[in-house]
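Trainee: fold the following for me, if possible:
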Amino acid sequence: DAMTPTLPGLLCLGEKQAHRKPALSALPSPVVASGGNVTLQCGSQDRYDRFALAKEGARVLRQRPAWQPQAGLSQAHFRLGQVSGLHGGRYRCYGGHNLSSLWSAPSDPLDILVAGWFPATPSLSVQPGPSVAAGQNVTLLCRSWVPMDTFLLSKEGAAHPPLRLRSQPRAGQNQAQFSMGPVTSAHGGTYRCYGSLSRDPYLLSQPSQPLELEISGESTMTLS
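Mentor: Numbering: from 1, shown residues only. Have a look, this model is predicted:
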């Protein structure tokens, strides 16, 4: 990857931005195990020639040439291998053209979370149970005997970032209740929860055991 100082390249950001911001996503997930791999994909419906990836607080840009997976689209992949705590953080990407020093507006931020950074393992349970009818209210409860400031709930394969709640003390444990309201078939899937500390919000505990939520019956409700 080409590495360039951040400042000169970003001086042009915000000036005469004529192109839409790209989209940044993590493959397969923004939650990655310590030592694992994750690929950040920056893409746009504008035909950019190159993309740049910036990590909040870092002083370098990673740049990659764009490629066109299909007509009207451009994208680039940034692979993070052997992920460590240093990779945890907030990322944005930018699109650029070869004949211009201007970069696009930044993508929406994407948080990369590194799991397994400390040894605690929270537990995950569900009320009223792991198999419910569509339309029922469901609550996922994450708790730990080890003090944690925050719990995160992640759904396997979901494009959206994990849900995050502050922990509450109860019966000697820390816990958080993730209320899902009336569920639809879209809520079905495999969930895990993690704990984190406010001083290192991008570093997570070991994952809980996976919890499979099954939704039966039809529902007219849909998720956007």
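Trainee: would you agree residue 158 is in contact with residue 189?
Mentor: Yes. At 7.5 Å, residue 158 counts as touching residue 189 under the criterion of Cβ atoms under 8 Å. No exception for glycine: its C-beta is placed from N, CA and C like everyone else's.
Trainee: return the residues in contact with the residue nearest to residue 121 when sequence neighbours are not counted.
Mentor: Distances taken as Cβ to Cβ, 6 or more residues apart in numbering place residue 206 nearest to residue 121, at 4.3 Å, with adjacent residues excluded. Contacts for residue 206 (Cβ atoms under 8 Å, 6 or more residues apart in numbering) come out as 115, 116, 118, 119, 120, 121, 194.
Trainee: how does it look with 10 Å?
Mentor: 33-34, 115-122, 192, 194-195 (Cβ atoms under 10 Å, 6 or more residues apart in numbering).
Trainee: and what of residue 139?
Mentor: By Cβ under 10 Å, 6+ apart, the neighbours of residue 139 are 125, 126, 127, 128, 177, 178, 179, 180, 181.
Trainee: what distance do you get for the third one to residue 48?
Mentor: From residue 127 across to residue 48, the span is 47 Å (Cβ to Cβ, to the nearest Å).
Trainee: these two: which is more packed in?
Mentor: Remark: of residue 127 and residue 48, residue 48 carries more neighbours, 26 against 13, as counted by other Cβ atoms under 10 Å.
Trainee: please, where are all the helices along the chain?
Mentor: Assigned by DSSP state H, the helices in the chain fall at 6-10.
Trainee: can you give the domain ranges for it?
Mentor: 2-114, 119-216 (automatic domain parsing).
Trainee: just how off-centre is the shortest one within its chain?
Mentor: Its chain's average C-alpha position is 15 Å from that of domain 119-216, according to Cα atoms, centre = their mean, to the nearest Å.
Trainee: same question, stretch 98-109
Mentor: The answer for stretch 98-109 is 22 Å, by Cα atoms, centre = their mean.
Trainee: what is the end-to-end distance of that stretch?
Mentor: For stretch 98-109, the first-to-last residue distance is 24 Å (Cα to Cα, to the nearest Å).
Trainee: filter the contacts of residue 206 to the buried ones?
Mentor: The neighbour-count test (16 or more other Cβ atoms under 10 Å) marks 33, 34, 115, 116, 117, 118, 120, 121, 122, 192, 194, 195 as buried among those.
Trainee: dump those residues into TSV; add pLDDT as well.
Mentor: Shown next, in TSV, are these (pLDDT from 0 to 100):
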residue	pLDDT
33	96
34	95
115	97
116	96
117	91
118	89
120	94
121	97
122	98
192	98
194	98
195	98
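Trainee: just these: which are in strands?
Mentor: Counted as lying in strands by DSSP state E, out of these, are 33, 115, 116, 117, 118, 192, 194, 195.
Trainee: touching, the fourth one and residue 201? I think so.
Mentor: No. In terms of Cβ atoms under 10 Å, residue 117 does not count as a neighbour of residue 201; the distance is 11.4 Å.
Trainee: need the residues touching each of those two.
Mentor: Joint contacts of residue 117 and residue 201 (Cβ under 10 Å, 6+ apart) are residue 88.
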